[in-house]
Every structure is written in C-alpha cells, then in structure tokens.
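Colleague: using only what follows, build the 3D model:
(one chain, ligands or ions: 2)
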Amino acid sequence: MQNKHKKTVAVLFGGCSTEYGVSLKSAASVIDHLDESKYELVQIGITREGTWLRYGGNADGIREDRWQEHPSCIPAFLSPSREVAGIVELAGTEFRVTPVDVVFPVLHGKNGEDGTVQGLLELAGIPYVGCDTLSSAICMDKGIAGQLVKAAGIDTAASITVYAEDDLYTAVKEAEPLGFPLYIKPARSGSSYGITKAYDKLELMEGIRFAFMHDTKVIVEQNITGFEVGCAVLGDAELMIAEIDEIELQGEFFDYDEKYSLISSKIHLPARIPAETADSVMEKAKVIYRVLGCSGLARVDLFIGEDGRIVFNEVNTMPGFTAASRYPNMMRASHISYPELMDRLIRLALHKGAAL
Ligand SMILES: Nc1ncnc2c1ncn2[C@@H]1O[C@H](COP(=O)(O)OP(=O)(O)O)[C@@H](O)[C@H]1O
Ligand SMILES: [Mg+2]
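Modeller: Ligands and ions are numbered 1, 2, ... in the order given. Next comes the predicted model:
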C-alpha cells in the first residue's frame, strides 16, 4: 500500500551506457540519503543491455552490482501514457501500475543524461529531477554546448569537429595548427571515456581513431594550461552556486581512474583562487547554466588558465552523486546536507513539473 502523505520518488539507476557502473554508485548514495519518512521509494534499474526492472532490495545490492539477481526484480517500465503517470510492472501474469510523483533519473551519459529519458518523462507528464530534454541533449554534446557558450561571449578552447565520414588526414591537417598537445574527445561521452591527449601527429591520428570507437563525432581541442574548477549550480528561477572546488592534477589529465580513486589528484574545496576570480567564475557559470537552458541542477566545469583566462570546459547535467562526489561535497561546504539537497531537488522538480 502506498502512503498518501508521502511523495513517491522513483530512482532510475544503471543505464545502457558506458557509465552504468558510475550510476550504480551515485544512485545507491541518493537512495541512502532519501528520507524514508518523507518519501516512498521505487527503485528502477536499467541493465547495461537496456532492460528495465523494478528492484526491491537494498542500496548495497545496487552499489555492488548484485541487484539484478535479487528475487524482487520484475519487469517494469515507465509508461508514456499520461493516464498511467507511473510505472507499469509485470507481476506474474498481471500488469500492475505504481503511480509516481517524481522521478530522479540518476543516470550518467548516453541513454540517460542525454535527453532521451527526459523526453520519455515529458511525454508521460511525470515531474523529474534535473535538466529538460533539450538542455540535457545540448550539454551531452561537447561540440554544440561549446558553440553556444562561445556565442554567449565566454571563452572556450579552440577546437575542430571531426565526423566519422571525414577524411582522417584532412582532419589531422586542420587540427595541427591548433598546436600540440591536443585533447581528443568523443563529442558525447563522460567519465573521460575515449579521451586522449596527443603530443604529436601520430598520437593525434590514433586518438581520433580511438575516440571514434565511442562516438561518430569527435572534438579535437587545444590544451588549456592551468587547472579545472567546478561550480555546483542549484535552482531554476533563482540560482544558488555552492563553494567552488578545484582539481589539482599530478598526472596528465583527469581520467577515469583519477576521477573515481583520486590516485594522485587532489580536490581542493574551496578552490585556491582569489575572491574576485571566484566571483567571476560564478558569474560565468550562471551565464552558461542559463544559455544551455539548465534547470534543477548541473555542475559547470571551467578551466582557469595560467594567464588567468576563465575557459569553459563542460556541463554535467547529472554529475556524480556518491557521498564522496564533487557536487554533493560542494553543497555540503555551503551548508546544504545531502538529505537537504535531495529535498530541494525534489521540490524543484515538483514545481517545474506542474507545467508539464
Ligand atoms: N582543453 C583541455 N585542456 C586541458 N585539459 C583538458 C581539456 N579538455 C579536457 N581536459 C582534461 O580531461 C578531463 C576530461 O575531459 P572532459 O571534457 O571534462 O570530459 P568528461 O565528460 O569525460 O569529464 C578534464 O577533466 C581535464 O582534466
Ligand atoms: Mg569532465
């Protein structure tokens, strides 16, 4: 029986994406920090293959990727039909409907953070946490996001875009004048998957080939010498930006292992930057958030060049959400605890959802 006084929150986790594993860790933390006295929890897992299952076990089962073996798992999916406004589940031979008040898509990368799931939720008329379809899709594409941010007068790294059908040698010739080292990125990836740094022509060629294994669109970008900072932005009409953090790298770049194990890198919170620089970073983060149409939340990442230049890097519309992740940590540094953050995100979603 559902408790009528509680809002039913469906947490989506996993996903048909290279970032499946990261999502499991983020979602387990979200679930751990949702106040059970306020919310009725519905857990929907999406396997790497894209199968949707309702899961009734605990958060550890998700964190440790054992959830699919749990006896509670039954086929379940989000209905696009508005009269359902919830999850359709196959219990034995019968269909059952669980109405949902709000969905928290804790999905990273493709098929989750890229507007696809957001589109389904908009069709279904169910409020959800985070950026809408268009904004999610724009932020997922580093090429398109960069062009819009540049048009808004914010510095971006000089880059070229290469498509799978383009001639590789021509692409290399066009990229070389940008100057080595160069960053090569699949346009729509995350967690540093498919990204390499090239110091010469051969590495550039190999890097482009490698990036094409992840996407049909590849960005080759000038290296920004300096360091990266992050802005945790929360809100819709009114925006709140938490303490800015800073990544101090020892190695080449913030790759997958560094992101999730911080082997040699360090996160400084607050960032070691003067107050005027912090103000300027926050101003730019707000402009970027608005230009890219973000809502609810996003983490806006920028570089501070050694020449003091503030350069856009990317926006994560569903940043990492583990208890050790940067977004919740930045919020905590600004006196918003993880459970309070959950409340605020859900409130924002319900408010925005009224217009769906
Ligand atoms: N133009 C650049 N100059 C310097 N470092 C970069 C540049 N682009 C990416 N990096 C490094 O690579 C990391 C991953 O790149 P990013 O564009 O943020 O991709 P992802 O979506 O995978 O996080 C960054 O955190 C940074 O360390
Ligand atoms: Mg990044």
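Colleague: what are the buried residues along stretch 210-225?
Modeller: 210-212, 214-215, 217-224 (16 or more other CB atoms under 10 Å). C-beta coordinates here come from the backbone N, C-alpha and C atoms, glycine included.
Colleague: closest one to Arg66 out of the residues you listed, please.
Modeller: Of all these, Arg66 sits closest to His214, with 27.5 Å by CB to CB.
Colleague: can you pull the contacts of that closest one?
Modeller: Thr18, Pro186, Ser189, Tyr193, Gly194 (CB atoms under 8 Å, 6 or more residues apart in numbering).
Colleague: keep only those of those residues that are in strands.
Modeller: Counting by DSSP state E, the part of the contacts of His214 found in strands is Pro186.
Colleague: so Gly179 makes contact with Gln222?
Modeller: Yes. In this structure, Gly179 is within contact of Gln222 by CB atoms under 8 Å, at 6.5 Å.
Colleague: which SS class is Ala28?
Modeller: At Ala28 the chain is in helix, as set by DSSP: H, G, I helix; E, B strand; the rest coil.
Colleague: and for Phe253?
Modeller: Here Phe253 is recorded as coil under three-state DSSP.
Colleague: OK, contacts around the residue nearest to it when sequence neighbours are not counted?
Modeller: Once flanking residues are discounted, Phe253 sits nearest to Lys197: 5.8 Å by CB to CB, 6 or more residues apart in numbering. Lys197 is in contact with Pro181, Leu182, Tyr183, Ile184, Glu203, Gly207, Asn223, Glu252, Phe253, counting by CB under 8 Å, 6+ apart.
Colleague: which among those residues count as buried?
Modeller: Buried among these by 16+ other CB under 10 Å: Pro181, Leu182, Tyr183, Ile184, Glu203, Gly207, Asn223, Phe253.
Colleague: ok, so of the contacts of Lys197, who is nearest Val162?
Modeller: Using CB to CB, those come closest to Val162 at Ile184, 8.8 Å.
Colleague: number of nearby residues for Asp35?
Modeller: Asp35 has 11 neighbours, counted by other CB atoms under 10 Å.
Colleague: what about it, which SS state?
Modeller: Assigned with three-state DSSP, Asp35 falls in the coil class.
Colleague: that one touches Glu340, doesn't it?
Modeller: No. Using CB under 8 Å, Asp35 is not in contact with Glu340; the gap is 9.6 Å.
Colleague: returning to that earlier point: which helix or strand contains the residue nearest to Phe253?
Modeller: Element membership for Lys197, per DSSP states H and E: strand 196-198.
Colleague: in stretch 182-201, what's buried?
Modeller: In stretch 182-201, counting by 16+ other CB under 10 Å, buried: 182-198.
Colleague: still on that earlier bit, reformat the contacts of Lys197 as CSV; add distance to ligand 1 and secondary structure.
Modeller: What follows is the contacts of Lys197, written out as CSV (distance: CB to the nearest ligand atom, whole Å; DSSP: H, G, I helix; E, B strand; the rest coil):
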residue, distance to ligand 1, secondary structure
Pro181, 8, coil
Leu182, 8, strand
Tyr183, 4, strand
Ile184, 9, strand
Glu203, 15, helix
Gly207, 12, helix
Asn223, 4, coil
Glu252, 8, coil
Phe253, 4, coil
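Colleague: out of these, who's nearest Val42?
Modeller: With CB to CB as the yardstick, the closest approach to Val42 among the contacts of Lys197 comes from Phe253, at 38.3 Å.
Colleague: give the contact list for Leu148.
Modeller: For Leu148, the contacting residues are Ile138, Val291, Leu292, by CB under 8 Å, 6+ apart.
Colleague: 10 Å instead?
Modeller: Taking CB atoms under 10 Å, 6 or more residues apart in numbering as the contact definition, Leu148 lies against Ile138, Cys139, Asp141, Ile154, Thr156, Ile288, Val291, Leu292, Gly293, Phe312.
Colleague: show the subsequent helix or strand relative to the helix or strand harbouring the second one.
Modeller: If you go by DSSP H and E, Cys139 is part of helix 133-140. Toward the C-terminus, helix 133-140 is succeeded by helix 142-151 as the next helix or strand (DSSP H and E).
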